[in-house]
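Colleague: quick one, fold the following:
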Amino acid sequence: MKRALFFIIGLLVLPSFARADDFTLSGYTEAGKRSTAEDYEEEDTDDDYTYRNYHLKFGQEITDRLSYDISSFIYDKDYKSKDSLDNISRLFKTNWSYYIRKLSEESLKLDFKLKYKEKRYDNTPRSEYDQIRVAPSFTFSSFLRDPAAPGKKKAAAKPRKPRVKKEPAVEKKGKKAETPGEVPVAEVKE
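Modeller: Sure thing, here's the model as predicted:
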């Protein structure tokens, strides 16, 4: 509960640092009924359940070099006949990107991704789990400029197919080879 409260307060405070054209806020909610047979083809049983999905995402470009987004996903399943399968999953993610070097021809970007996931069951706590993933990465991008169009970037050239050198037809003992690279067999007289 503390994490959710911290997340909600963060979503309310962070937009105050943003200008109107620098951030995005999106979300959706979905509710309905499904069965395990619809979800998994190999499932023998057909257990019906109701589900509710919630998603909220906030993203901001702080400067031309630094941007981030924060998102939350909540999936709630309530099985009709098996209370032991009732569960709720919560997923919180944040992605931060910082351009270490940002030029018109090339860029070097540092990305940092953090993901926290928890799954809780109503009647089977042995199946519950928490998961934390951290993934830093570097991305180098290079662009070629088209000299004919000074403001436009040109995609890198496609690799060319290797050229195959065709051998000319070879003549031996007055006979010409039928196809390039084919050498006629010399006649042997007894």
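Colleague: show me the shaky parts of the chain.
Modeller: 1-21, 38-45, 144-190 (pLDDT under 70).
Colleague: show me where it has its strands.
Modeller: Secondary structure of the chain by DSSP state E: the strands cover 23-35, 48-61, 66-79, 87-102, 106-121, 129-142, 144-145, 153-154, 171-172, 175-176.
Colleague: and the fifth one, what does it pack against?
Modeller: With contacts taken as 3 or more Cβ pairs under 8 Å, 6 or more residues apart in numbering; DSSP states H and E, strand 106-121 sits against strand 87-102, strand 129-142. Just so you know, the C-beta spots here come from the backbone N, C-alpha and C atoms, and that holds for glycine as well.
Colleague: what lines up beside it in the sheet?
Modeller: strand 87-102 (antiparallel), strand 129-142 (antiparallel) (DSSP bridges).
Colleague: can I get the ones you listed in a markdown table with distance to Tyr54 and mean neighbour count?
Modeller: Listed next are these as a markdown table, based on distance: least, Cβ to Cβ, whole Å; neighbours: other Cβ atoms under 10 Å:
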| stretch | distance to Tyr54 | mean neighbour count |
| --- | --- | --- |
| strand 87-102 | 10 | 16 |
| strand 129-142 | 19 | 10 |
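Colleague: would you list these in JSON lines and tack on distance to Glu118?
Modeller: Below are the strands paired with strand 106-121 laid out as JSON lines (distance: least, Cβ to Cβ, whole Å):
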{"stretch": "strand 87-102", "distance to Glu118": "5"}
{"stretch": "strand 129-142", "distance to Glu118": "5"}
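Colleague: nearest to Ser71, out of the ones you listed?
Modeller: Between Ser71 and the strands paired with strand 106-121, the shortest gap by Cβ to Cβ is with strand 87-102, which sits at 5.0 Å.
Colleague: that closest one to strand 48-61, inter-axis angle?
Modeller: Orientation of strand 87-102 against strand 48-61 (axes from the mean of the first three to the mean of the last three Cα atoms, to 10 degrees) gives an angle of 20 degrees.
Colleague: would you mind writing the CA trace of strand 87-102 as PDB?
Modeller: C-alpha atoms of strand 87-102 as PDB (Å, rounded to 0.1, in the frame of the first residue of the first chain):
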ATOM      1  CA  ASN A  87      -5.000 -13.200  -8.000                       C
ATOM      2  CA  ILE A  88      -3.900  -9.700  -8.500                       C
ATOM      3  CA  SER A  89      -0.700  -8.600 -10.300                       C
ATOM      4  CA  ARG A  90       0.900  -5.200 -10.000                       C
ATOM      5  CA  LEU A  91       3.600  -4.000 -12.300                       C
ATOM      6  CA  PHE A  92       5.400  -0.700 -11.900                       C
ATOM      7  CA  LYS A  93       8.000   0.400 -14.500                       C
ATOM      8  CA  THR A  94      10.100   3.400 -15.100                       C
ATOM      9  CA  ASN A  95      12.400   4.200 -18.100                       C
ATOM     10  CA  TRP A  96      15.000   7.000 -18.100                       C
ATOM     11  CA  SER A  97      16.900   8.100 -21.100                       C
ATOM     12  CA  TYR A  98      19.800  10.500 -21.200                       C
ATOM     13  CA  TYR A  99      21.700  11.500 -24.300                       C
ATOM     14  CA  ILE A 100      25.400  11.700 -23.300                       C
ATOM     15  CA  ARG A 101      26.200  12.900 -26.800                       C
ATOM     16  CA  LYS A 102      23.600  14.300 -29.200                       C
END
